[in-house]
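A.B. asks: Provided below for reference: sequence and predicted model.
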Number of protein chains: 2
Amino acid sequence: MSENEQQMIQRLLAPLASGLDGAFGLRDDAALLSPPEGSEFVVTMDTLIDARHFLFDGSPHSAAMAARKALAVNVSDLAAKGADPFAYLLSIALPPEHETWLDGFVKGLEAAQTEWGLHLAGGDTVGTGGVLSITITAIGLVAKGRMVQRSTARAGDVLMVSGTIGDAFAGLSVDQGNQKLVNEWRRQVGDEGLAHLLARSRTPTPRLKLSHALRRHATAALDISDGLALDASRLAAASGCAAEIEGSAVPVSEPVRLLLQTGQLSLADIVTGGDDYEVLAAVAPEDAAAFSKMALDDVQSVTRIGLLTAGSGLTVRNAGGKTVYLQKWGWDHFS
Amino acid sequence: MSENEQQMIQRLLAPLASGLDGAFGLRDDAALLSPPEGSEFVVTMDTLIDARHFLFDGSPHSAAMAARKALAVNVSDLAAKGADPFAYLLSIALPPEHETWLDGFVKGLEAAQTEWGLHLAGGDTVGTGGVLSITITAIGLVAKGRMVQRSTARAGDVLMVSGTIGDAFAGLSVDQGNQKLVNEWRRQVGDEGLAHLLARSRTPTPRLKLSHALRRHATAALDISDGLALDASRLAAASGCAAEIEGSAVPVSEPVRLLLQTGQLSLADIVTGGDDYEVLAAVAPEDAAAFSKMALDDVQSVTRIGLLTAGSGLTVRNAGGKTVYLQKWGWDHFS
C-alpha cells in the first residue's frame, strides 16, 4: 500500500518543524506563532512554478534545487526588509510519481532552512495532474519599527546594490540555450564561469548578511527579483522619486564581464533580466561609506550604482553618459 | 496595452488591504504584523486547485465562488482553533484570459473577508499555462495559551459536531452527477433541497460563531475537511485515544435525510465524504450541556455524536449498533 498523506508528512516534513514549538510537530491544523517582546513579524509569500521559475526534470537533484530556490526567493524578501528568518509555511502541489523525488526535495529544503536559520511551521500538500508548484509564506523577525520599507527613500539618496547583477540571467540563458550557445559561452568563460552562472540562476542565496547594515543605514530597500531596472523604478516610485542608474557602475562577475565585452550580453540584458536576488538599497549620501564598511565587515560587498532625484521615472546611462533605451524594465509576471 | 501586474494589484487587490496598516497598501515586498499584547497568531495555509477543490468554468460567478471557498477553508481552520480571523496572504496562479473573470474573483474575496472580518496583507500573483490555483495563508488571533489544539482531548470526552454532515458531499455528487441523477435527486429533495446541497459544497461558511464556546469548553477540536471519520480518527490518534461514532446521531439536513432514506446516500458516504467545514470538538462530559448552550446562544447548533475511549482506532456504528465497514475513512490528498 502506498504511503498516505499523513504518513508522508510525518516521515518527511515533520523533522523540518522540530525546534519550533508552535509547529506542534505538524500534528495540528495550524501553527501558533508570536514574535518575542519588542519584535514584529515581517511576512511575505511567493509561488514558484515548474518551467517558469525553476527547471524540474523529475530527478531528486532538480527537486532539491527547486526547494532551495523557493525558500531562497522568500528569504530574500526578508533579508531586504532587514528581518531575520524565523519560520515558514509550505504548500506543494505534487504531480504524480512524486515518490521518486520527494526525498530530494525535502533534503534541499532542510539544507536551505539550516543555512538560513528558520523552521517549517505548517502548510499543505495537494496532488495535482499539472506541474510541480511551490508556495511559501516566510516569516521574519525585526525589532519594532525597524523594518526597512520600500517607500521611505528620499531624493538625494544614493542607490547601492549587493553582490553582482546579471549572473542569474546569464545562467538562465545557458539553461535555455542551444548547444551552440553553450559551447560558445564555455569557450569564452570556461567551465568554472559557466558553473558560476548556472548556480546563481538555479540556487540563489539570499543576502542575509546585509540585514544588519540595512537596518542601520538604509532609508529604503527591496530585493531584485524582476530586474534591477524595474525594481529600482518601483523603489523610486513608491518613494516619490526618480531613479538614475550608471550602467558602468553596475557590479558584474568576471564571466558576465567577459560576455558583455564580446557582445554576448548587453547592459540592457543584465539590468532587466531579473532573478538576481541581490538587495537594492537607498542610503543617505553621508551614510554611504559607513553602509559599505558595515556590509563589508559582514562579508557582503555593496556597490554604488546611482541615485534618487526629485521627479519620477527611471534613467539608465551607459559608460558614455548616453541614456540606454530599454524595451522593457524587467520581468512582468503577466507578460 | 494590457494592464501589467503592478497595475492589476493596485486596482483590484490593494482595496482588500485597506484597513490593515501593516499591509502598506500592497506597495511593499512584505507585510508587518504583530499580535496585540496578550494575543498570539494562529497560522494556517491551504491550496485549492481547479477541478479538485472547486469547479471553475471561466465565468466571474464561478471565480467568485472559488475565491470564497479558498478563504473559507482557511478561516474554517482558524474557527476550529478558537481563533478570530485577522489577516491573510493570497497567491494566485492565473491561467490565460484572466481579464474576463478576475473582477468576479476579487468581488467574491471582498464579500467573504468582510463577512469574516479579516484583511488582505500580501501575497503573489503568477501567470500559469495550467489551471487556476489559489493558496491562502490565514492568520488569526487568540488569547495567549488559548488555542484549541488537536492533541489535548482525553478518553471519556464526548465528541460534538457543529451544523450538519454530508451536505457538501451530496452537493458535489450533484455537481459531478449526470442529468439522470440530478433529475432523480431533484424529484426527491426539490429545487430548494438541491440548492442547499450545492451551496454547502460550493460556498462553505466557516463556523466562526463556535469559536467562543470552543475556547471555553473544548479540550480539542479540528475542522472537518477530509471526512468526519478520518478527521475524528486524527483527533483521537493525536490525543492517544480511540473514537466511537454513533451513525444515528450524526446530524443531517432534511435533503440528506431524504436521500439516506431512499438509499441514494449511505451513512458511509456522509461520514467519509468530507468538505463539510463543520467543527468536531472533544468536550468533557460534564461540560457538554454548557458547551451546547453557549454555542446555541451564539446561534450555532452542536450535536453529540460519540465519544473518545482508551485505546486507538475508530468505530462507526449504525442505528442497530452494528459496526459500519468503511472502505476508506475519508479523502486522502494523494489517493
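C.D. replies: Everything's here; your move.
A.B. asks: give me the element the residue positioned nearest the centre of chain A is part of.
C.D. replies: What sits nearest the mean C-alpha location of chain A, by C-alpha atoms, centre = their mean, is residue A:277, with 3.2 Å. For residue A:277, there is no enclosing helix or strand under DSSP states H and E.
A.B. asks: surely it is in contact with residue A:210?
C.D. replies: No - applying C-beta atoms under 8 Å as the test, residue A:277 and residue A:210 come out as separate, 11.5 Å apart. Every residue, glycine included, has its C-beta placed from N, CA and C.
A.B. asks: what residues go with each domain of chain A?
C.D. replies: Here the domain parsing of chain A from automatic domain parsing is A:5-143, A:158-317.
A.B. asks: distance between the first one and the chain's centre?
C.D. replies: It refers to domain A:5-143. Offset of domain A:5-143 from its chain centre (C-alpha atoms, centre = their mean, to the nearest Å): 15 Å.
A.B. asks: start and end of that domain, how far apart?
C.D. replies: End-to-end span of domain A:5-143 (C-alpha to C-alpha, to the nearest Å): 38 Å.
A.B. asks: just the mean pLDDT for that domain, thanks.
C.D. replies: The average of the pLDDT scores along domain A:5-143 is 95.
A.B. asks: follow-up on the earlier one: so who does the residue nearest to the centre of chain A touch?
C.D. replies: In this structure, residue A:277 makes contact with A:72, A:73, A:76, A:168, A:204, A:205, A:206, A:207, A:223, A:224, A:225, judged by C-beta atoms under 8 Å, 6 or more residues apart in numbering or on different chains.
A.B. asks: what kind of secondary structure is the second one in?
C.D. replies: Using DSSP: H, G, I helix; E, B strand; the rest coil, the structure places residue A:73 in helix.
A.B. asks: try the last one
C.D. replies: In three-state terms, and counting by three-state DSSP, residue A:225 is coil.
A.B. asks: give the contact list for it.
C.D. replies: Contacts of residue A:225 (C-beta under 8 Å, 6+ apart): A:73, A:76, A:231, A:274, A:275, A:276, A:277.
A.B. asks: by neighbours, which of those wins?
C.D. replies: Compared across the contacts of residue A:225, residue A:276 has the highest neighbour count, 30 neighbours, by other C-beta atoms under 10 Å in any protein chain shown.
A.B. asks: and residue A:335, what pLDDT?
C.D. replies: With respect to pLDDT, residue A:335 scores 47.
A.B. asks: where's residue A:297 relative to residue A:240, distance?
C.D. replies: Distance, residue A:297 to residue A:240, using C-beta to C-beta, to the nearest Å: 32 Å.
A.B. asks: show me which of the two is the more surrounded one.
C.D. replies: Using other C-beta under 10 Å as the criterion, residue A:297 and residue A:240 rank with residue A:240 on top: 14 against 11.
A.B. asks: which ones are touching that one?
C.D. replies: Remark: with contacts taken as C-beta under 8 Å, 6+ apart, residue A:240 is in contact with A:151, A:312.
A.B. asks: same thing with residue A:309?
C.D. replies: By C-beta under 8 Å, 6+ apart, residue A:309 lies in contact with A:155, A:156, A:241, A:242, A:243, A:244.
A.B. asks: try it again with 10 Å
C.D. replies: Contacts for residue A:309 (C-beta atoms under 10 Å, 6 or more residues apart in numbering or on different chains) come out as A:155, A:156, A:157, A:236, A:241, A:242, A:243, A:244, A:315.
A.B. asks: same check, this time on residue A:186
C.D. replies: Contacts for residue A:186 (C-beta under 10 Å, 6+ apart) come out as A:174, A:193, A:194.
A.B. asks: tell me the pLDDT at residue A:173?
C.D. replies: 95.
A.B. asks: what about it, which SS state?
C.D. replies: At residue A:173 the chain is in helix, as set by three-state DSSP.
A.B. asks: which other helices and strands contact the helix or strand residue A:294 falls within?
C.D. replies: Assigned by DSSP H and E, residue A:294 falls within helix A:288-297. Counting contacts by 3 or more C-beta pairs under 10 Å, 6 or more residues apart in numbering or on different chains; DSSP states H and E, helix A:288-297 packs against strand A:158-162, helix A:211-217, strand A:279-283, strand A:302-310.
A.B. asks: list the contacts of residue A:205.
C.D. replies: Residue A:205 touches A:68, A:72, A:75, A:76, A:79, A:112, A:115, A:116, A:163, A:199, A:277, counting by C-beta under 10 Å, 6+ apart.
A.B. asks: spatially nearest residue to the second one (excluding sequence neighbours)?
C.D. replies: Counting by C-beta to C-beta, 6 or more residues apart in numbering or on different chains, the nearest residue to residue A:72 once its immediate chain neighbours are dropped is residue A:204, at 4.6 Å.
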